[in-house]
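Peer 1: What follows is a predicted structure for the sequence shown.
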Amino acid sequence: MFNLFTHNKSRIFNKYKNTIRQINDLSDQMESWSDYELKLQTQRFKKRFTAGENLDEILPEAFATVKAACKKVLGISLFDVQLLGGIILHQGNIAEMKTGEGKTLTAILPAYLNTLSGNAVHIVTVNDYLAKRDSEWVGTIYQGLGVTVGLIQQDISHTSRKENYQKDIIYVTNSELGFDYLRDNMSIDKEDLVQTGFHFCVIDEVDSILIDEARTPLILSGPSQISTNKYELSNNVCQKLQQNIHYEIDEKARNIALTDLGITYCERQLNLSNLYDIQNPWAQYILNALKAKELFTKDRHYLVRNNEVIIVDEFTGRVMPGRRWSDGLHQAIEAKENVVIQKENQTLASITYQNFFLLYDKLSGMTGTALTEAQEFKKIYQINVIEIPTNKPCLREDFPDLVYKREYDKWVAIANECYDMYSIGRPTLVGTTNVEKSELLAKMLDTYQIPYNLLNAKPENVEREAEIIAQAGQLKALTIATNMAGRGTDIILGGNAKQLSKFIVIQTIIHGLKSFEKFNQLDNLSSNNKEIYDILNNMCEQIEDNLQNKNDLILWIEEAINPKSNLTSSNTAIRHAYTNICSIYEESFRVNKDKVLNLGGLHVIGTERHESRRIDNQLRGRSGRQGDNGSSRFFLSLEDNLLRIFGGERIVGLMNTLQIEDNIPIESKVLSSSLNNAQKKVESYYYDIRKQLFEYDEVLNSQRQAIYAERNRILYSDYIRDCILEYAESTIDEMIRYYLNNEGKQEQRPIGITNKLKTILNLPEEIINSSLVNMEIGNMKPFLQEQFRITYDLREAYLEQLRPGLIRQLEKYYLLQQIDKAWQEHLEKMTNLRESIGWRSYGQQDPLSEYKNEAFALFLNMITSIRETVIYLVVRSRLVIDSNHKQK
Ligand code: ADP
Ligand code: MG
């Protein structure tokens, strides 16, 4: 059981081997325990925690309990490396565990342990499908332990969202989590808040969330009033501009600058005297239109669907519906594609993932690929990456890259390799960087007449892609996927019988028997087809009557298939069909698995080096799971973006000196070091972008923290009078200070300050005039404060008499409303500031510190204006009542 032999080389394993042994011994003892006894453990641990024991002390027993429950409920015995991973996660690190090592189950160990402290634990996944899949799969274990599980999905109601956040352990995607945070910080009533604090979270596929997605902040927005024809005009002008005459492109920095000639040309075309006029800004529209024209390619950076421009994540090939590029870029692309230009949205609230996840007391994560980015995790998140050894040694062979001169020859070679693999029956997975290239390869394979599955990572397909990827290890399976389509699903050699059977049963019930006839694996298993078809046919006949008035059909089917659920007269037929089909597939997949292993396991083909070695590793890591055979090979060409832009002269020179023919690749160690260098350059380039975003957002972040904290104080307070008085005091202070600084001349005193006092504090003019004229400066403050208090008391008494309790409600409402309004305006100013700083940064000043200074000044202004507006509104709150009176 204790796997010391395989892991004795791993230092991290040795460090915790005693704990791991202890966990194993304890859980062995628990195997004979009853369900009830296991469940009781949770109560015991909680008591011990309350009595002062810390979680580290409880860890061995808690982990042992989870291990025992897992064995009992799922029949799975957790591997030592999973226990180790659990410890590493509990300590707030990133555990690098390869694909197929069982990360989903690993996460439940620290999740359970940390929930004992009474705080909610968040388990974060990259999409709704995975959140649902994982929470359902492990839910029964938590149930057995008396721990509640929540699941947040994009389409659930506010009430159910709130309920789910109240659970012990919550499965949720990064974007739902972030948006809920932003929305919570805009609610007017504390009853509307859904989240319960940020204590401990485990982020699955952590590199994807904290690195890949960290380049675009989360933005919650609402419509604004700016007209859209500037985008169209700019687009028209840009089509006439010529590269290197009117503008220059820095492809590396993905940046464009207008030449002097370009500027004059635009001004003439648009009939402007100054393109850069702040009052009538055009430059950013032109530059965005140029970026849209030159740097953003359809089907690579975005798709056009249903008259909408939808972002494609460059790294993962995933489509990101609802996300928009900011600062007018998205509109510029809409103008270029001639689709409806959506109204520019006003940012209501925003946050970067970097700063969002730093809200947690303890952050942890898991992924197959993090080590290459360990430095970034350390610098930005103060989190360490720790490599967990694999359960079994990895047998995958990574062949050296093949480099072709021309891209065309590369694709021919790839198609040929697919053909060869298919001919011998070996399953192959081809990773492409975008939809366009996937389709190019698909066309080539069509001419070879070999069948394949094509996955494009479209969000509506997430579920189906998971099904297909799960079968990508079947004999003869050929799968083309943009990066990480079907992420989170591991590829089982030979095929995944359970998943396939479930898929077929569900498809048949929903779409009828036709769907099985079309099923593309039909050829492979023709001997079984008839048998399965008959089973399905039989099932359909038996359940026909039950299909009407089934609200949640899929849930009902899943329930029927689940061997642990109760059989009813209506779902027995489904259960039978499923079990029978499953056993047919299991039989043939078992045989096939051996065949596949003999052929060498899954072969992975990379069609381009990615912008980071991490993504390459992710693709390779699809093969060779849990000690399976496997191999990988990357095909490259000198025309690939990476080499063209970052490769430098060296590689081209080498190819030329070697004087090889176009269609003969070279496979050379010399080249791979140049390649790695090119890749490192890109990695650090993107790192800089993220770091910059982070540094700029840090400024905004401390302001956001301050505003949100103030907002929360108000939201939770039932007696806001004190807060209003505080605001008034500060306002009075500021007025006096302002007056002293600017118009301290004795004779002007009353006039200088009277107007402001009158407007903001609503103090009676007689009082100000008669009393303030000869007052010592030192006496002014207490005097004004006293006067304000009197005015306020009168107002309060007046309102109390009209409607008791009204003033408290008004105060709260005014405060929150003003804070939100001011904050939104502030966000817009900050964006403008950021842009203008970008233009100014040619000079000597450090743009970041410049930005910090000005941001701080803007922030102070905002605070002052919030205070003044609130006071202004509160002391005039009669107006509201008066107008009500008039209406009567
Ligand atoms: P990862 O996220 O690390 O790629 P998953 O959590 O998706 O891996 O698990 C991959 C597969 O391994 C699942 O089918 C799961 O049932 C199986 N698995 C996980 N842990 C174990 C274990 N200890 N013993 C046997 N199978 C396991
Ligand atoms: Mg996983």
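Peer 2: Perfect, I can see it now. Numbers count the residues shown, from 1 in each chain. Ligands and ions are numbered 1, 2, ... in the order given.
Peer 1: Please state the offset of stretch 847-861 from the chain centre?
Peer 2: Centroid separation for stretch 847-861 versus its chain: 29 Å, with CA atoms, centre = their mean, to the nearest Å.
Peer 1: What residues of it count as buried?
Peer 2: Neighbour counts over stretch 847-861 (16 or more other CB atoms under 10 Å) mark 847, 850-851, 854-855, 858-859 as buried. Any C-beta I mention is one placed from the backbone N, CA and C, and that applies to glycine too.
Peer 1: What is the burial count for the residue in the stretch 751-888 of the chain positioned nearest to ligand 1?
Peer 2: When scored by CB to the nearest ligand atom, the stretch 751-888 of the chain has residue 827 as its residue closest to ligand 1, at 37.3 Å. Per other CB atoms under 10 Å, the neighbour tally for residue 827 reads 20.
Peer 1: what distance separates the helix or strand where it lies from the centre of its chain?
Peer 2: Residue 827 belongs to helix 806-840 when elements are defined using DSSP states H and E. With CA atoms, centre = their mean as the basis, helix 806-840 stands 26 Å off its chain's centre.
Peer 1: Summarise which helices and strands that helix is packed against.
Peer 2: strand 345-351, helix 669-716, helix 721-743, helix 777-802, helix 847-875 (3 or more CB pairs under 8 Å, 6 or more residues apart in numbering; DSSP states H and E).
Peer 1: would you turn the ones you listed into a markdown table with mean pLDDT and distance to residue 600?
Peer 2: Listed next are the helices and strands packed on helix 806-840 as a markdown table, based on pLDDT from 0 to 100; distance: least, CB to CB, whole Å:
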| stretch | mean pLDDT | distance to residue 600 |
| --- | --- | --- |
| strand 345-351 | 82 | 47 |
| helix 669-716 | 87 | 22 |
| helix 721-743 | 80 | 71 |
| helix 777-802 | 82 | 82 |
| helix 847-875 | 87 | 52 |
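Peer 1: Next, format these as TSV and append distance to ligand 1.
Peer 2: TSV is the format used below for these (distance: least, CB to the nearest ligand atom, whole Å):
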stretch	distance to ligand 1
strand 345-351	27
helix 669-716	24
helix 721-743	48
helix 777-802	60
helix 847-875	39
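Peer 1: any chance of the ones you listed in a markdown table, with distance to residue 273 too?
Peer 2: Formatted as a markdown table, the helices and strands packed on helix 806-840 follow (distance: least, CB to CB, whole Å):
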| stretch | distance to residue 273 |
| --- | --- |
| strand 345-351 | 29 |
| helix 669-716 | 32 |
| helix 721-743 | 36 |
| helix 777-802 | 49 |
| helix 847-875 | 27 |
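Peer 1: residues in contact with the residue in the stretch 101-250 of the chain that ligand 2 sits nearest to?
Peer 2: Per CB to the ion, residue 103 is where the stretch 101-250 of the chain lies closest to ligand 2, at 4.6 Å. Residues near residue 103 by CB atoms under 8 Å, 6 or more residues apart in numbering: 85, 95, 97, 204, 366-367.
Peer 1: before we move on, back to that, was I right about the residue of the stretch 751-888 of the chain closest to ligand 1 contacting residue 347?
Peer 2: Yes - between residue 827 and residue 347 there is a contact under CB atoms under 8 Å: 4.9 Å.
Peer 1: wait, is residue 123 part of a strand?
Peer 2: Yes - according to DSSP: H, G, I helix; E, B strand; the rest coil, residue 123 belongs to a strand.
Peer 1: Low-confidence ranges, the stretch 1-150 of the chain, go.
Peer 2: 1-9 (pLDDT under 70).
Peer 1: all helices of it, in order?
Peer 2: 4-7, 11-15, 17-30, 35-50, 55-74, 80-90, 103-115, 128-144 (DSSP state H, counting those that start in this stretch).
Peer 1: Quick check: the spatially most distant residue from the centre of the chain vs residue 780, distance?
Peer 2: Here the centre of the chain is the reference, and by CA atoms, centre = their mean the most remote residue is residue 774, at 62.7 Å. From residue 774 over to residue 780 the distance is 11 Å, taken as CB to CB, to the nearest Å.
Peer 1: follow-up on the earlier one: average model confidence for the helix holding residue 827?
Peer 2: Mean pLDDT, helix 806-840: 80.
Peer 1: So for it, what gets flagged as buried?
Peer 2: Quick answer for helix 806-840 (16+ other CB under 10 Å): 806-808, 810-812, 814-816, 818-820, 822-824, 826-827, 829-830, 833-834, 836-837.
Peer 1: Could you do stretch 587-596 as well?
Peer 2: 588-589, 592-593, 596.
Peer 1: Up against ligand 2, what does the stretch 401-550 of the chain have?
Peer 2: residue 488 (CB under 5 Å from the ion).
Peer 1: Try it again at 8 Å.
Peer 2: Taking CB under 8 Å from the ion as the measure of proximity, the stretch 401-550 of the chain contacts ligand 2 at 488-490.
Peer 1: so how many other residues sit close to residue 672?
Peer 2: 16.
Peer 1: separation between it and ligand 2?
Peer 2: 29 Å (CB to the ion, to the nearest Å).
Peer 1: for residue 470, same thing?
Peer 2: 12 Å.
Peer 1: Residue 416 now?
Peer 2: Residue 416 is 33 Å from ligand 2, by CB to the ion.
Peer 1: Please apply the same query to residue 395.
Peer 2: 21 Å.
Peer 1: so that residue, which of the three states?
Peer 2: Note that with three-state DSSP, the state of residue 395 is coil.
Peer 1: where along the stretch 551-700 of the chain do the strands fall?
Peer 2: With strands called from DSSP state E, counting those that start in this stretch, the stretch 551-700 of the chain shows them at 602-606, 630-637.
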